[in-house]
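# got a predicted structure here, sequence first:
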There are 2 protein chains.
Amino acid sequence: MKSTPTIIAEALEAGQDSLNEFDSKRILAEYGIPTATEVPTATRDGALAAAEQIGYPVALKVCSAAAAHKSKEGLLALGITNPAELATALDQLLPAARELDGRILVQEMVSGVRELAIGMIRDEQLGPCVMFGLGGIFAEALADVAFRMAPLTDTDVIEMSSEIKGSRLLEGIRGLEPVDMKALGHCLQALGKIGRDNPEIKELDVNPLLIRNGLPVAVDALAVLEKPLRPEQPTISPTVGLRHFFEPQKVAVIGASATPHKAGNDVLKNIQANGYEGSIYPVNPKGGEILGLKVYSSLADLPDGIDLAIVILPAAATPQAIMDCAARGIKAVVLAAGGFAEVDEQGETLQQATLDAIRETGVRVIGPNTSGHTSTPHKFTSSFFPLGKIPRGKISYIAQTGNFATHTMRYIKTAENFGVARVLGLGNKLDVEESEVLDYYARDPETGAIFMYLESFKKPRRFLEVAREVTRSKPVILLKGGATEAGASAAVAHTAALASDDRLLDGALRQAGVVRIYDYSHLILTAKALAVMPLPRGNRVSFLAPSGAMLVCMTDLCQRRWGLQVPELEENTRQYLQDISPPYIRMRNPVDIWPSALVKGVEFGYREGTEAVLKDANIDAVVMILMITDETGVPPLDFVVELARRYPDKPLYVTFSGQKKHMDAAKAYLEPQGVPTFSLIEEPFAVLSTLVRCRQAMER
Amino acid sequence: MKSTPTIIAEALEAGQDSLNEFDSKRILAEYGIPTATEVPTATRDGALAAAEQIGYPVALKVCSAAAAHKSKEGLLALGITNPAELATALDQLLPAARELDGRILVQEMVSGVRELAIGMIRDEQLGPCVMFGLGGIFAEALADVAFRMAPLTDTDVIEMSSEIKGSRLLEGIRGLEPVDMKALGHCLQALGKIGRDNPEIKELDVNPLLIRNGLPVAVDALAVLEKPLRPEQPTISPTVGLRHFFEPQKVAVIGASATPHKAGNDVLKNIQANGYEGSIYPVNPKGGEILGLKVYSSLADLPDGIDLAIVILPAAATPQAIMDCAARGIKAVVLAAGGFAEVDEQGETLQQATLDAIRETGVRVIGPNTSGHTSTPHKFTSSFFPLGKIPRGKISYIAQTGNFATHTMRYIKTAENFGVARVLGLGNKLDVEESEVLDYYARDPETGAIFMYLESFKKPRRFLEVAREVTRSKPVILLKGGATEAGASAAVAHTAALASDDRLLDGALRQAGVVRIYDYSHLILTAKALAVMPLPRGNRVSFLAPSGAMLVCMTDLCQRRWGLQVPELEENTRQYLQDISPPYIRMRNPVDIWPSALVKGVEFGYREGTEAVLKDANIDAVVMILMITDETGVPPLDFVVELARRYPDKPLYVTFSGQKKHMDAAKAYLEPQGVPTFSLIEEPFAVLSTLVRCRQAMER
């Protein structure tokens, strides 16, 4: 048997852009993927002999690199049961094979009603990735597939097989044998290995992969080839790390302005408002003094040892500014100006010049087109949007948008009660990009949880590598903007067609433990929950509500939408809840608070009920739906703060039903003391759902 | 050929609880559903002759009412290609057939890769319903099915075929012929007719229904029988309509109390606070005066002509109170007390006694266990939760929960700025139930949109009948609490197994144009939008935002989650937006407001941008994501109100990014003037998504 490299080399030599079915399957076989028994032949006699040897019924297929989709093109005959039928089929297929410069493949008919598909695709950015899903006609009709980057761990295999909607097909339904998951896992891992070993294989489809007696058998396969291009990715070698940005001792502001409301003025105000304790060096040709600071008329006048420069100059002045900074030994620069590649061709030219200056000097750059970055532990910000003092906390953001230094940060400051550690607006990310920032946040003791808004990945494999590590200790939550449209529908291989959309990325992110969200608002709502409360240990929720309707609706949604369990309580918990409630109501989880509140008051009902479920070993997180109205009573809420302190290992969230002014007052009271509140009753559950996924990522 | 009634009668006579495959298919054939060619036989010779006549390959099946799931039980042989194979198969199947008191069915092998399933199930409440979905093994693995009540219209057929996830299988994928939808539709409608004509057929499975050359062929079928029970449903014949409740002239409060904070006192305060213009007659044995009203010491003392009594007495006093009311000619009663069947056995007994009293007297009853009802056009409420004046508007609620007369109404009153027309808390709905209330709201000129929270349907067919009509002119939005767990997994027929969950109800509700929601909060958020703005004409949305990230995220979600289009604008709109924006940005839908706001101010940007898209014929609804911060400017918002008035046919919703206090002020300014606002930027889109479904229901 020829080895895989030989098969590929010969095909490339012959100018083929794909392998025929037989050769494709020889590679599968070499990597231990079971394939249907088959014999290639070019003659009638050969076919007859092969059929006798294999045993009827058999399938006949035209085998040629030019026959990629045989079923569409009438190049196969299935279920041939005797020599007469074989002869008839050959009448049609032999000439077709000759025309396509191919042979005939005589193949056993593999019996199996479950058609799966597996495949490998070499993504430009992610490298070889493996697909698993429903096969045959369902591959196209349902697109029920999952992807993972190679190499695949056993966990990856388990996760992707349970990720598809049709995963029940793998079980022993309808009297079928359950699929041997070890064997299937081996096939998937082998495909990943094929991809990693053979850079010339661009795509590899195995469809159908039939299940016979519980074991997978590759019935058809197609390998698409390309001469691997290894594009020279000119990379910038970081000269200094991000510490220069996040912990600068001496900061120059180039383009400082004495005029209020100009960016060069606001940035100084911002730095002062945040209580920055290092030295600030405004630079402006006019000299003088701004906001009590001595102004330097040129970079040449600056003292030595400046570690960060914020450049607030028109775009055109940027490349020179970088050169000037380098000349003064400044190694880190924030470029605020917009007007680069995001705008027009002229901007593109300017961006290239800026990139050249970066490469030449080794100066590290955030931006251009960034609204700045923030480092509250260092009492510092480079934002030119006059936010004043930014509250300190353990949430860190990476944002491919200026919002988190402008109006969204304004919202967080005025509508919520949590703080941030680091915020970095990536801008056009000529140099500093998400994977380096993620790596910094990963090691940063000030950062407890990481939230990202990204529209693209500059170094996706590096990003995923870093993410895979950090997600074991810190929650990493991503909103990925700009999911691509269903694209490559004309692709040769099904794997490639199914890899469109953002399924590929989605698989890679799951693999790395990055938790995706889709709601912009949840970049804030989830952050506020993580800012003060721990991750839940699991998905078992208890909640207390003043209404049967709310109990019913939220329980429905926990199951249907949020992947949360509402389990039975421990017997002693249940009994205690029963003891404090009127006898006519049968207490259970979730907890109906109305009866006990009616009898013993709202405060008593919520306090006792909440503590009981917080204590319960079956429960990982608790949501209080707090009824506050003048009519039913407005309880003092110190008991809630007290409970949160006494049970620090379980998230306790509060939401409301009742009177707006009391809800606002409760929020203002509870949040600064570490209990997050939510306006709508669905929100705390949606947040828990995200955090449970973070926990699962951590434990994978 | 025997007719369907004969087949069924003979089977029932013979004590069968199902029909064998051959008889099941004879019924299908009689109703015009194409079936596989087949011949039943009990002998070897007969089988041989049949196979010759049909032509090989053939299938052999044991045909017996006792062989419901042949593939599981090894009672069939497929793909028999010659007499020798036939003989071998018969060796096994003939004895098996004899054992089951059956015969052998010799059947053509129908070639077709697309396995569908159709079925009929007679639901106790909904009557005959029809199922459509993926068949074979996928019926169980994916449960990708849709249901509709019989009879099915052509629209029903189209909707259910596009509702399944695998609907692309019906198209001409992979070189297959598209499925003949007329032929498929006929099969579905015929199943409905079988169900309606033959009450003895409880379930009818057709699985697989194979597609051969685009045409459906029933390959296997199973009819499950039962002697139809026609349970005597003792119904209450309404003596008077709901007008007595919603427009009472003279109201007695039985159990009126002089003690503040008691229900019998609060109900009087409520009636007074709402400005009720009719007469109020408190009844209490103590007599005297309460809240300036003369108290009657017994019902006997009351004047004639009282049309409504609110009974605030302990549960035990209820049956007698109904008798007393009837004796005084009072025809409508609200029963506030709880403590009936919802509580314990004693309560159940009491509930039965109450029901007896209702039947005996013909008095109409809301409740018991209701928190009351409200009719703002009549300035009246029977609620005993002291809400004060309830704001008037065109939203009406039907609630199987007391919340809409208690804390949720308190929330609406204090956190939102919209009003209601009618609200009815159903309580235990001994008499007045949802379908009658829906019918009243349907005809009620004060009601513009109907929202419901229901946990059960008392007369589902009647409810759906009424809904089908009213949804053509008014939006009807339902939150159904308590979706049932996956239940009947042990059912004989697949249709029945798949009818578990609430798929059946879901299909029937879609058919009737009722739009389901799942978020409790949206009973309020969607109502506030409908209270002041029209239904969108279609699903084409434009929105304006101050951030590329928000534009990208909301566009993603419009496609991915909400079924909303973000279409191209008309050329002159686009050009105008370009004219008012800096040249470097290419304007399109959605509208990036940041550049024009930066250049010409926030007010100018939003005003001009919003008007441009409101005018645009490609756009059905507009969302403004309004940036309000001190730094970027806090525009006066009269222009928004003005725009809403000038373009009354398109919904205009506002949401925010920026400073909380300005957002609150904007809400307080805009909402009373008819422009709804939303706290989180996803909310207006989610609401639009629901309303687009209402529009589609209206136009179906």
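Done, it's in. Being a predicted model, the structure only gives us computed values, none of them experimental.

# could you measure from the nearest residue to residue A:111 once chain neighbours are set aside over to residue A:61?
The shortest distance from residue A:111 to any residue other than its chain neighbours is 6.1 Å, reached at residue A:212 (CB to CB, 6 or more residues apart in numbering or on different chains). No exception for glycine: its C-beta is placed from N, CA and C like everyone else's. Here residue A:212 is placed at a distance of 18 Å from residue A:61 (CB to CB, to the nearest Å).

# so what would you say the end-to-end distance of stretch A:192-205 is?
12 Å (CA to CA, to the nearest Å).

# for stretch A:133-147, same thing?
OK, stretch A:133-147 end separation, CA to CA: 9 Å.

# ok but residue A:355 is inside a strand, no?
No: counting by DSSP: H, G, I helix; E, B strand; the rest coil, residue A:355 is not part of a strand but helix.

# now the strands: where do they sit in the stretch 301-450 of chain A?
Secondary structure of the stretch 301-450 of chain A by DSSP state E, counting those that start in this stretch: the strands cover A:308-311, A:332-335, A:364-366, A:373-375, A:380-381, A:392-399, A:420-425, A:449-454.

# can you pull out the low-pLDDT segments for chain A?
A:1, A:69-73, A:229-237, A:483-495, A:499-501 (pLDDT under 70).

# can we see that at 80?
A:1, A:67-74, A:174, A:228-239, A:483-501, A:584, A:598 (pLDDT under 80).

# domains of it?
A:4-108, A:114-225, A:391-532, A:534-698 (automatic domain parsing).

# so how far is the first one off the chain centroid?
Taking CA atoms, centre = their mean, to the nearest Å, one finds the center of domain A:4-108 at 41 Å from the center of the full chain.

# Three-state assignment for the residue of chain A most remote from its centre, please.
In chain A, the residue that sits farthest from the middle, by CA atoms, centre = their mean, is residue A:84; the gap is 56.6 Å. Classification of residue A:84 by three-state DSSP places it in helix.

# the one 4 residues further on now?
Using three-state DSSP, the three-state assignment for residue A:88 comes out as helix.

# rewinding a little: more neighbours: which of residue A:212 and residue A:61?
Ranked by neighbour count (other CB atoms under 10 Å in any protein chain shown), residue A:212 and residue A:61 place residue A:61 first, with 27 against 16.

# any idea which element that one lies in?
Residue A:61 belongs to strand A:58-63 when assigned by DSSP states H and E.

# check contacts around the residue nearest to residue A:111.
A:110-112 (CB atoms under 8 Å, 6 or more residues apart in numbering or on different chains).

# which parts of the stretch 501-650 of chain A sit against chain B?
A:518-521, A:546-550, A:552-554, A:556-557, A:560-561, A:584-585, A:627, A:629, A:631-632 (CB under 8 Å from any CB of the partner chain).

# if we go to 7 Å?
A:518-521, A:546-550, A:552-553, A:556-557, A:584, A:627, A:629, A:631 (CB under 7 Å from any CB of the partner chain).

# just the stretch 1-150 of chain A next, same as before
Checking the stretch 1-150 of chain A against chain B by CB under 7 Å from any CB, the hits are A:71-72, A:79, A:81, A:113-114, A:137, A:140-142.

# mind doing that once more with 8 Å?
Checking the stretch 1-150 of chain A against chain B by CB under 8 Å from any CB, the hits are A:57, A:71-72, A:79, A:81-82, A:113-114, A:136-138, A:140-142.

# okay, and which of the residues you listed map to strands?
Among the residues of the stretch 1-150 of chain A next to chain B, DSSP state E puts A:79, A:114 in strands.

# now the residues of the stretch 1-150 of chain A next to chain B: which count as buried?
A:57, A:71, A:81, A:114, A:136-138, A:140-142 (16 or more other CB atoms under 10 Å in any protein chain shown).

# distance to residue A:404 added to these, as CSV?
Below are those laid out as CSV (distance: CB to CB, whole Å):
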residue, distance to residue A:404
A:57, 64
A:71, 51
A:81, 68
A:114, 48
A:136, 47
A:137, 46
A:138, 43
A:140, 41
A:141, 42
A:142, 38
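
# distance check, residue A:75 against residue A:225.
Counting by CB to CB, the gap from residue A:75 to residue A:225 is 20 Å.

# neighbour count winner among these two?
Neighbours per residue, other CB under 10 Å: of residue A:75 and residue A:225, the larger number sits with residue A:75, 23 against 19.

# wait, doesn't the more buried one sit right on residue A:93?
Yes: Residue A:75 is in contact with residue A:93 according to CB atoms under 8 Å; the separation is 6.9 Å.

# which neighbours do these two share?
With CB under 8 Å, 6+ apart as the test, residue A:75 and residue A:93 both reach A:61-62.

# can you name the residue of the stretch 251-400 of chain A nearest to chain B?
residue A:343 (4.2 Å; CB to the nearest CB).

# for that residue, what are its contacts?
Here residue A:343 is in contact with B:584-585 (criterion: CB under 8 Å, 6+ apart).

# go on, residue A:63?
Residue A:63 neighbours (CB under 8 Å, 6+ apart): A:20-22, A:40, A:97, A:102-105.

# partners of it in the sheet?
residue A:103 (DSSP bridges).

# equivalent analysis for residue A:40, please.
With DSSP bridges as the rule, residue A:40 is bridged to residue A:105.

# for the residue lying closest to residue A:619 once chain neighbours are set aside, give me its contacts.
Excluding the flanking residues, the one nearest residue A:619 by CB to CB, 6+ apart is residue A:542, at 4.5 Å. Going by CB under 8 Å, 6+ apart, residue A:542 touches A:566, A:569, A:589-591, A:613, A:616, A:619, A:621-623.

# also residue A:426?
A:366-367, A:370, A:398-400, A:432-434, A:437, A:454 are the contacts of residue A:426 under CB under 8 Å, 6+ apart.

# run the last query once more with 6 Å
residue A:400 (CB atoms under 6 Å, 6 or more residues apart in numbering or on different chains).

# just the helices in the stretch 301-450 of chain A please.
Using DSSP state H, counting those that start in this stretch, the helices of the stretch 301-450 of chain A run over A:318-327, A:345-361, A:407-415, A:434-443.

# ok, and what's touching the shortest one?
What that stands for is helix A:407-415. A:387, B:627, B:629, B:657-660.

# next: the first one.
For helix A:318-327, the surrounding residues in contact (CB under 6 Å, 6+ apart) are A:299, A:309, A:311, A:313, A:333, A:335, A:353-354, A:357, A:361, A:363.

# kindly reformat the residues you listed as CSV containing distance to residue A:444 and neighbour count.
As requested, the contacts of helix A:318-327 are arranged in CSV below (distance: CB to CB, whole Å; neighbours: other CB atoms under 10 Å in any protein chain shown):
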residue, distance to residue A:444, neighbour count
A:299, 30, 19
A:309, 23, 30
A:311, 25, 25
A:313, 30, 17
A:333, 21, 29
A:335, 23, 29
A:353, 33, 16
A:354, 28, 26
A:357, 29, 22
A:361, 27, 20
A:363, 23, 23
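
# now the buried members of the residues of the stretch 501-650 of chain A next to chain B.
Buried, going by 16+ other CB under 10 Å: A:519-521, A:546-550, A:552-553, A:556-557, A:627, A:629, A:631, out of those.

# check those and tell me the two furthest apart.
A:520 and A:631 (36.6 Å; CB to CB).

# about what we covered before: restricted to helices, list the buried ones among the residues of the stretch 1-150 of chain A next to chain B.
Among these, DSSP state H puts A:71, A:137-138, A:140-142 in helices.

# could I get those residues as TSV with distance to residue A:7?
Formatted as TSV, these follow (distance: CB to CB, whole Å):
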residue	distance to residue A:7
A:71	24
A:137	29
A:138	30
A:140	28
A:141	33
A:142	33
